[in-house]
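[1] Have a look; sequence and predicted model below, questions after that.
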Amino acid sequence: MKDSDYIPPQVWQWTGEKTDLNQPTSGSRYEHKLPVGKHPLQLYSLATPNGQKVTILLEELLALGHVGAEYDAWLIKIGEGQQFGSGFVEINPNSKIPALVDHSQNPPLRVFESGSILLYLAEKFKAFIPTDIAARTECLNWLFWQMGSAPYIGGGLGHFYAYAPVKIEYAINRFAMETKRLLDVLDQHLAKHEYLAGQEYSIADIAAFPWYGSVIKGWVYNADEFLSVDQYKHVQRWADAILARPAVQRGRMVNRTFGDLASQLHERHDASDFETKTQDKLQ
């Protein structure tokens with residue numbers, strides 16, 4: 001049957017198997033206690049764009065001298081279903097990375113959803129979020145804009161253009177159009193502002209960069225030529241400025257399991273790990 005012949009049934013029925021990674025139900029699938037390291041902040045993640053947001057912010061906070069931002073970053077292999085272990089589901093019932101536990105609170109405080117984690121850490125350390133009401137609101141405008149737009153890029157364009165077993169022209173066109181519209185929103189705004197919230201680098205930029213920087217630099221989906229990303233000059237300028245920051249470079253390495261071995265730090269438990277425990281050193 002061709003896709004154009006498909007007619008949805010009256011009631012949708014799942015046809016998968018109990019062993020499938022994606023299922024229409026939530027909750028834990030097996031018992032697994034999460035490890036806990038020596039620092040108050042315990043991060044369970046993977047270096048997807050959403051995961052990179054948190055490690056970039058933590059490295060930026062440490063670069064500012066916030067010693068309380070020291071953290072353990074534990075690898076969650078989502079391709080193997082580790083996000084469905086009981087310990088992970090306990091801190092994020094949605095079974096998505098990243099998830100954070102702050103053991104400096106009594107009882108320990110769970111924080112899930114990347115935007116929520118960024119906002120929590122920015123407010124906890126009073127950094128990378130403006131205090132002026134107008135600037136703060138603009139920062140949050142763009143933070144939530146990114147959270148709302150990400151599914152169009154990842155689950156939309158990324159899935160149908162790069163991963164779907166069947167190339168569906170309508171779906172690819174629909175999400176390519178929306179991704180380009182979002183890039184244009186960003187490009188027009190950055191033509192008038194150095195950063196998303198104005199002149200100051202903030203959690204809005206930290207949230208948007210792993211997604212839009214990855215698209216604009218061709219790091220995901222191999223869609224840079226397909227999307228004609230060179231036309232977004234202001235997004236390119238913004239992405240280059242953020243990528244030049246040493247803390248961003250470190251944050252992108254944490255929980256990374258792909259790419260050059262020297263860029264992969266599967267777990268991070270100490271600042272010295274960047275020098276001694278990347279995969280090229282371990283192998």
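    That came through, no problem. Residues are numbered from 1 along each chain as shown.
[2] What's the separation between the closest residue to Glu31 other than its chain neighbours and Lys33?
    Counting by Cβ to Cβ, 6 or more residues apart in numbering, Glu31 lies nearest to Ser86, which is 4.9 Å off, once chain neighbours are set aside. Every residue, glycine included, has its C-beta placed from N, CA and C. From Ser86 across to Lys33, the span is 8 Å (Cβ to Cβ, to the nearest Å).
[3] Then Ala191?
    The separation that Ala191 has from Lys33, given Cβ to Cβ, amounts to 50 Å.
[4] repeat for Tyr120
    Noted for Tyr120: a distance of 24 Å to Lys33, by Cβ to Cβ.
[5] Give me the more crowded residue out of the two.
    Neighbour totals were compared for Tyr120 and Lys33, and Tyr120 leads with 16 against 10 (other Cβ atoms under 10 Å).
[6] what helix or strand does the more buried one sit in?
    Tyr120 is located in helix 114-125, with elements delineated by DSSP states H and E.
[7] Just the buried positions in stretch 38-51, please.
    Neighbour-count burial for stretch 38-51, counted by 16 or more other Cβ atoms under 10 Å, picks out 39-51.
[8] Show me the two of the residues you listed that sit farthest apart.
    The most widely separated members of these, counting by Cβ to Cβ, are Pro40 and Pro49 (25.5 Å).
[9] Show me the domain layout of the protein.
    Here the domain assignment for the chain is 8-128+253-282, 133-244, based on the TED database.
[10] now those in CSV, with mean pLDDT?
    Supplementary listing: these in CSV, determined by pLDDT from 0 to 100:
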stretch, mean pLDDT
domain 8-128+253-282, 97
domain 133-244, 97
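[11] Thought Asn50 was touching Ser114, still the case?
    Yes: Ser114 sits in contact with Asn50 when judged by Cβ atoms under 8 Å, with a separation of 4.5 Å.
[12] what do these two both touch?
    When contacts are counted by Cβ atoms under 8 Å, 6 or more residues apart in numbering, Ser114 and Asn50 are jointly contacted by Pro98.
[13] What helices and strands are in contact with the helix ranked longest in the chain?
    With secondary structure taken from DSSP state H, the chain has its longest helix at helix 169-190. Under the contact definition 3 or more Cβ pairs under 8 Å, 6 or more residues apart in numbering; DSSP states H and E, helix 169-190 sits against helix 214-216, helix 233-243.
[14] hmm, who's touching stretch 214-226?
    Counting by Cβ under 8 Å, 6+ apart, residues outside stretch 214-226 touching it are 49, 153, 157-158, 161-162, 176, 179, 183, 213, 227, 229, 232, 235-236, 239, 243.
[15] Kindly recompute the last result at 7 Å.
    When contacts are defined by Cβ atoms under 7 Å, 6 or more residues apart in numbering, stretch 214-226 is touched by residues 49, 153, 157-158, 161-162, 179, 227, 229, 232, 235-236, 239.
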